[in-house]
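Chemist: pasting the sequence and the predicted model now:
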Amino acid sequence: MKSLDDLQVAGRTVLVRADFNVPLADGPDGSRVITDDGRIQAALPTLAFLREQGATIVIVCHLGRAKGEVVPALSLAPVAARLGELLDTTVTLVPLADAVPVVAAAQPGDVVLLENIRFDARETSKVTEERQALAAELAALADVYVSDGFGVVHRNQASVTDVARLLPNAAGRLVHKEATVFGGIMADPARPFVVILGGSKVSDKLGVIGNLITRVDRLLIGGGMAYTFLAAQGHGVGTSLLEADHIDTVRGFIEQASERGVELLLPVDFVVADAFAADAATQVVDADAIPDGWMGLDIGPRTRELFASRIADAGTVVWNGPMGVFEMEPFAGGTLAVARAMADSSALTVIGGGDSAAAVRILDVDEDRFTHISTGGGASLEFLEGKTLPGLAVLEENA
Ligand code: 3PG
Ligand code: MG
């Protein structure tokens, strides 16, 4: 995989695929407001380098799932404004259809942002020729392609894979760093290798658990997915999240872990509530004693200590998925405890994108105390599943 240092960019126009798929909320005046700009911050090293080198930058990215329709609420206007603030320059937002003259007039150091590429149905088309037609339009705007949207490298889409084949290409700083960190962990992790999985659905993580169980020393399970594990052990889970269809698969994982000598740790206690609400009545109960009519919304205090002790002496810790409903203050303690234990550990610590990365920022844990906070939720999971990521494989084709 080539890096930015292998490319000639001075005086050239560089098409950068970024992932600025940031969370948005409605602002007081009806405008859309970015609630976590982590993915924009993460692109700055590449963009700053390209500007210093005297490149003209054209950025292509998506926001949400527009499915080929122009959806005003998914405009990149808030991203253009925030990126402009961070780079201290004007970022010109333009639909692809109007981009040719705008890019032609741009000067070295200028930044042009193409409007949400998923407004064009060809971006995510399953028909190769349709994607290639869009890729050709994108490629015609630039001399060089830089892949820096790690969050989207697991997608075979026009602006991710097809366009990379049409121009000299390289990984940007972010993609290079992410691929190096995850590649190193999968190839030769410092041991004990500990993975902490949470989040609401065990069905999202079946592939990850199946692959990791052959590689890790310890697997710590929390969050909504833990209740399906409890059910597989024959415990009642009250009204907690349960994916009954997956109980057998999960039971298989429990058996596999014990055969392989993998320490599979499930919560030993929970914070349960009588409703899914921040002001619900709560109590702490043992894992085998969740009362009927109550739902588990966080791991309990003994589990937090247990997990922290298994993180403290690790060589590598990878974490994906919150331990509880951290967005509600009474159920944030488990997620905060795991984040703090990782921050205190001297292991190589990696947070696998998405909700866990947002949790670290929302709960105000110092991001600098982790080795790496991934910008890719789905992409980092596919890495942990051992899959080939098309947006990275394409960069090797002409390396
Ligand atoms: C993400 O946020 O997961 C990435 O930006 C990819 O988006 P997608 O899941 O809609 O393809
Ligand atoms: Mg996704």
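Modeler: Good, I have the coordinates. Ligands and ions are numbered 1, 2, ... in the order given.
Chemist: element containing the closest residue to ligand 1 within the stretch 1-150 of the chain, please.
Modeler: Closest to ligand 1 within the stretch 1-150 of the chain is Asn21: 3.3 Å, counting by C-beta to the nearest ligand atom. All C-beta atoms are positioned from the backbone trio N, CA, C, and that covers glycine. Assigned by DSSP states H and E, Asn21 falls within no helix or strand.
Chemist: next one: stretch 391-399 to chain centre, how far?
Modeler: In terms of C-alpha atoms, centre = their mean, to the nearest Å, the centre of stretch 391-399 is found 21 Å from the chain centre.
Chemist: again but with stretch 350-358, I slipped
Modeler: 6 Å.
Chemist: what does stretch 342-358 give?
Modeler: The answer for stretch 342-358 is 12 Å, by C-alpha atoms, centre = their mean.
Chemist: ok, the residue lying closest to Ala281 once chain neighbours are set aside - contacts?
Modeler: Closest residue in space to Ala281, ignoring its immediate chain neighbours: Asp274 at 4.7 Å, by C-beta to C-beta, 6 or more residues apart in numbering. By C-beta atoms under 8 Å, 6 or more residues apart in numbering, the contact set of Asp274 is Ala280, Ala281, Thr282, Gly293, Trp294, Met295.
Chemist: could you work out the most separated pair of the residues you listed?
Modeler: Greatest spacing in the contacts of Asp274, by C-beta to C-beta: Thr282 and Gly293 (13.3 Å).
Chemist: and the residue of the stretch 151-300 of the chain closest to ligand 1?
Modeler: Closest point on the stretch 151-300 of the chain to ligand 1, by C-beta to the nearest ligand atom, is Gly151, at 4.0 Å.
Chemist: ok, that residue - contacts?
Modeler: Per C-beta under 8 Å, 6+ apart, neighbours of Gly151: Asp19, Asn21, Arg39, Gly353, Thr375, Gly376, Gly377, Gly378, Ala379.
Chemist: out of these, who's nearest Ile59?
Modeler: For the contacts of Gly151, the nearest to Ile59 is Asp19 (10.5 Å; C-beta to C-beta).
Chemist: in this structure that closest one contacts Gly376, no?
Modeler: Yes - using C-beta atoms under 8 Å, Asp19 is in contact with Gly376, at 7.4 Å.
Chemist: joint contacts of the two?
Modeler: Phe150, Gly151, Val152.
Chemist: list the buried residues in the worst-scoring helix or strand of the chain on mean pLDDT.
Modeler: Least confident helix or strand of the chain, by mean pLDDT, DSSP states H and E, is helix 354-362 with a mean of 86. By neighbour count with 16 or more other C-beta atoms under 10 Å, helix 354-362 contains the buried residues Gly354, Asp355, Ser356, Ala357, Ala358, Ala359, Val360, Ile362.
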